[in-house]
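Asks: sharing a sequence plus its predicted fold:
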Amino acid sequence: MPYTHQSLKRFEDEPLLTGRGAFVDDLVRPDMLVAAVVRSPHAHARITSIRTATARARPSVVEVMTADDIAGDVRPLPALTREGAEYMTLPEHPVLASDVVYYAGQPVALVVAEQHQQAQDAMEAVEVDYEPLPATIDPQLALTPEHPTIHAEMQGNLALRARIGRGDMNDARAQADRILRGRFESPRLSALPLETRGIVADYDPGHDQLTLWMSTQVPYRMRTQLADVFVRPPQGIRVIAPDVGGGFGQKMELWPEYVAVGLLSMKLRRPVKWIEGRMENLQAYHSRGFTGEVEAAVTRDGVILGLRCQMVADLGAFMMSFSAAPPVNSDGH
C-alpha cells in the first residue's frame, strides 16, 4: 500500500499509556544480582588506596570489583575520531579508575549483592582515600599555557580543533554595510530523561553468549563497541533495547558502568542489573556548554552575507563517542 497522503497508525502508544511498557528495570532474570557504583566525589584526585574488606563482609554481598580486578580483561572505552579535524587527542577512558580520577562521578568500584539495598549499603562501606589535585572547570582558562595539563600524556588541554565552513568571509566583509560582533554563552545543561541509564547483563557460558538489555538509542553501535572493549566477536554479544524512557543523546554512549556490569555477569555467571539513581544521573553524566565569539557581515536590509564563529566547548575529562557532536553540529551547516 502506498504511504503518500496516508495517515500512519501509531503502534507504540497504547502499551505505554496503559502502563504495559517494558523498561530495563522491569526485567527480572532468575538468580539475578544487583550492582551499585562507587563514584569519585572529586573532579580531579589521586587514588592513594581502596579498601574493600568491610564491604565484602556485608550480608549478601557477592563481589566488589575495582580496577585491579579487571586489569587485562577489557580495553578502555572507545572514542570516535572526527573526520576533517585539524587536531585531535584521545586520552583513554578506563572502565574503572585506578590511579587518578578525572571527573566527579567517575566509577571507582562496583559492589554486587543479592538485593538493591544491600548493594547500596555495602557501597558506602568501600573506603577510598583521595589526594585532591587541581581541577579544571573553565575551558577558556584550560587553554591558557600556564594552566596545568590534566592528562599527563597530552600536550595541553585541547582535545579537538576543527574548521567547518564554506564561502569567503573576507568578500562578505567587503560587501557588508555593517559588521556585528558579540560573545554568546550557552549555559551548561544536562539531558534529564525520565528513565535513567540502566542495564541487565546475562552471560550464557554454555553458548559463550553475553546478552545485555540496555536503555540505549543505538543497540547495534553498542554491540560493535562492546565487542571491541571485550575483545570478542560481535556474534557473541547480543544487545536488546526495550522501551526507552527518553534519551536526548545521553543513551547513545557506551558508558563504563555498562562494560563493568557485563564483565561481572561473565565472571560471576549470573545475571546482574544496574539501574542508575537520579542523583547519579546528574552527577556522572557530563553536561555541555559553549562560548561563541560571533562576527556577522550584514546589509542595511538585514541580509547576512557572512557569518564567522569561534567556539570553545567543554568536552569533559574524556572524549566519549559523541562528545564532539554538539559543538560540531552547532555550526549550522
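Replies: Everything's here; your move.
Asks: CA atoms for contacts and neighbours, from now on please.
Replies: OK.
Asks: ok, which stretches of the stretch 151-300 of the chain are strands?
Replies: 160-162, 178-189, 198-204, 209-214, 237-240, 272-275, 288-298 (DSSP state E, counting those that start in this stretch).
Asks: could I get those strands as TSV with mean pLDDT?
Replies: Formatted as TSV, the strands of the stretch 151-300 of the chain follow (pLDDT from 0 to 100):
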stretch	mean pLDDT
strand 160-162	87
strand 178-189	91
strand 198-204	98
strand 209-214	98
strand 237-240	98
strand 272-275	98
strand 288-298	92
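Asks: going along the chain, name the helices of the stretch 51-200 of the chain.
Replies: For the stretch 51-200 of the chain, the helices defined by DSSP state H, counting those that start in this stretch cover 53-56, 67-70, 116-123, 139-142, 169-175.
Asks: right, and these - which one's nearest residue 106?
Replies: Closest of the helices of the stretch 51-200 of the chain to residue 106 is helix 67-70, at 12.2 Å (criterion: CA to CA).
Asks: can you tell me the average pLDDT over the closest one?
Replies: Averaging pLDDT along helix 67-70 gives 97.
Asks: quick one: contacts for residue 39?
Replies: 104-109 (CA atoms under 8 Å, 6 or more residues apart in numbering).
Asks: got a markdown table for these, with neighbour count too?
Replies: Below are those laid out as a markdown table (neighbours: other CA atoms under 10 Å):
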| residue | neighbour count |
| --- | --- |
| 104 | 18 |
| 105 | 21 |
| 106 | 27 |
| 107 | 23 |
| 108 | 24 |
| 109 | 27 |
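Asks: and residue 6, what pLDDT?
Replies: At residue 6, the pLDDT recorded in the model is 83.
Asks: what count of nearby residues applies to the closest residue to residue 291 other than its chain neighbours?
Replies: Spatially, and ignoring its direct neighbours in sequence, residue 291 is nearest to residue 185 (4.7 Å; CA to CA, 6 or more residues apart in numbering). By other CA atoms under 10 Å, the residues close to residue 185 number 12.
Asks: likewise residue 281?
Replies: Around residue 281 there are 19 other residues, counting by other CA under 10 Å.
Asks: give the contact list for the spatially closest residue to it that is not a sequence neighbour.
Replies: Of all residues not flanking residue 281 in the chain, residue 196 sits nearest, at 6.4 Å (CA to CA, 6+ apart). Counting by CA under 8 Å, 6+ apart, residue 196 makes contact with 245, 275-278, 281.
Asks: which one of those residues has the most neighbours?
Replies: Neighbour counts for the contacts of residue 196, by other CA under 10 Å, peak at residue 275, which reaches 21 neighbours.
Asks: can you pull out the low-pLDDT segments for the chain?
Replies: Residue ranges of the chain with pLDDT under 70: 1-2, 84, 331-333.
Asks: if we can go back for a sec, and which of the contacts of residue 196 is nearest residue 22?
Replies: Nearest member of the contacts of residue 196 to residue 22, counting by CA to CA, is residue 245, at 9.9 Å.
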